[in-house]
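> Here you go, sequence then predicted model.
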Amino acid sequence: MSGASPAVVTFGEALLRLTPAAGQRLRNAHTLNLHVGGAEANVAAGLSSLGVRTRWFSRLPHGELGQRVLGELTAAGVDTSFVLRAEGRLGTYYLEEGSGPRPAEVTYDRAGSAFASIQSSDVQSALSAGMLTGAAAVVTSGITLALGPAPRVAAQALFDAAGESLRVIDLNYRRNLATPEEMVDVAAPFLAQADLVFGAERDVSQLYGGPAGLRRAAPNAELVITQGAAGASAYLADVDPIHGQPVTRAALPVGTAGRIGRGDAFVAGYLAKVMERPGGGTAKDPAEALTALDWGVACASLKSTWPGDLPVLSAQAVSQLLAGGGSDVNR
């Protein structure tokens, strides 16, 4: 990636995920599996694995844990040259996998992280050094907006500086971080500026009452709504969800190994095709949105087959899956 400007810049916090073995409760576990993750870091890694140049902007603590994150993102082909190092800690979260009637449980331990204290001066320094030079899109998520005033101010500075770049936000609502009312409030200025908005159907319904409410909040954006086993839908930027119809794609089969990060893989797949649109920008016709939906659902399907957070995708694997798969053993 040396010498090349990034096509996509993502901004958000990285975490360490600690997970007991399948079927074990956290309170009884003696060993924990460790994975690096975080919504925007996952998107950056997924895009990089699909051949899209990416740059991840964040703030990490000094020390081994911060180095672990940097090492994994760099190994994934992501440009981490603008990542800041500071005093503080790395946030973590614990995942208990669900089993039968028992749902999965997430426990966050991220308060006081180095990222949560990011300063507007940090962002301005990165912008002055050319972080957005040549960028085609700037991506953040509702998770980042819910982490406090400092990350929101930083994200707003990036959106304000994006110029002709696409402003992209994934709602990624987390009830452990914000109430619905708080989330709607902090997301409002970002949705008003957004060119492309992703959201799970459950989040869109809870926060905005459905696609029509999301359109009122994001009047100029291409809206992409994931619907779990039902697939995904997209509304072109000039389509009114009250009267217009979305373009839709059915979901593909999913595995059981890696539910975490599946939505981020969808975003990466969709954005990879957005980057190929002539002249860039939002979809000009339904065919462009359908192609992006195809890649989104295929990347989500592939991500579900391994347990880590960071998607390790390939254009070849996506194309093969969309073409109908193949043998059960690639030789």
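Right, received. Where do you want to start? Numbering: from 1, shown residues only.

> Show me which positions of the strand or helix carrying Leu145 end up buried.
Following DSSP states H and E, one finds Leu145 within helix 142-146. Using 16 or more other Cβ atoms under 10 Å as the burial criterion, the residues of helix 142-146 that qualify are Gly142, Ile143, Thr144, Leu145, Ala146. For the C-beta atoms, the positions are set from N, CA and C on the backbone; glycine is no exception.

> Show me which of these is closest to Asp238.
Gly142 (24.3 Å; Cβ to Cβ).

> Would you mind confirming that the closest one makes contact with Asp185?
No - using Cβ atoms under 8 Å, Gly142 is not in contact with Asp185; the gap is 11.5 Å.

> what residue ranges in the stretch 1-150 of the chain score low on pLDDT?
1-6, 99-100 (pLDDT under 70).

> Off-centre distance for the helix holding Leu145?
11 Å (Cα atoms, centre = their mean, to the nearest Å).

> Buried residues, the following helix or strand past that helix. List them.
As assigned by DSSP H and E, the chain's next helix or strand after helix 142-146 is helix 149-161. Of the residues in helix 149-161, those buried by neighbour count under the rule 16+ other Cβ under 10 Å are Ala150, Pro151, Arg152, Ala154, Ala155, Gln156, Ala157, Leu158, Phe159, Ala161.

> Does Leu223 lie in a helix or a strand, and which?
Taking DSSP H and E as the definition, one finds Leu223 inside strand 222-226.

> partner strands of that strand, parallel or antiparallel?
strand 196-200 (parallel), strand 232-235 (antiparallel) (DSSP bridges).

> which residues of the stretch 1-150 of the chain fall in helices?
With DSSP state H, counting those that start in this stretch as the criterion, the stretch 1-150 of the chain has helices at 39-49, 64-75, 120-128, 142-146, 149-161.

> May I see the ones you listed organised as JSON lines, with distance to Pro189 added?
Converted to JSON lines, the helices of the stretch 1-150 of the chain look like this (distance: least, Cβ to Cβ, whole Å):
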{"stretch": "helix 39-49", "distance to Pro189": "18"}
{"stretch": "helix 64-75", "distance to Pro189": "28"}
{"stretch": "helix 120-128", "distance to Pro189": "15"}
{"stretch": "helix 142-146", "distance to Pro189": "9"}
{"stretch": "helix 149-161", "distance to Pro189": "7"}
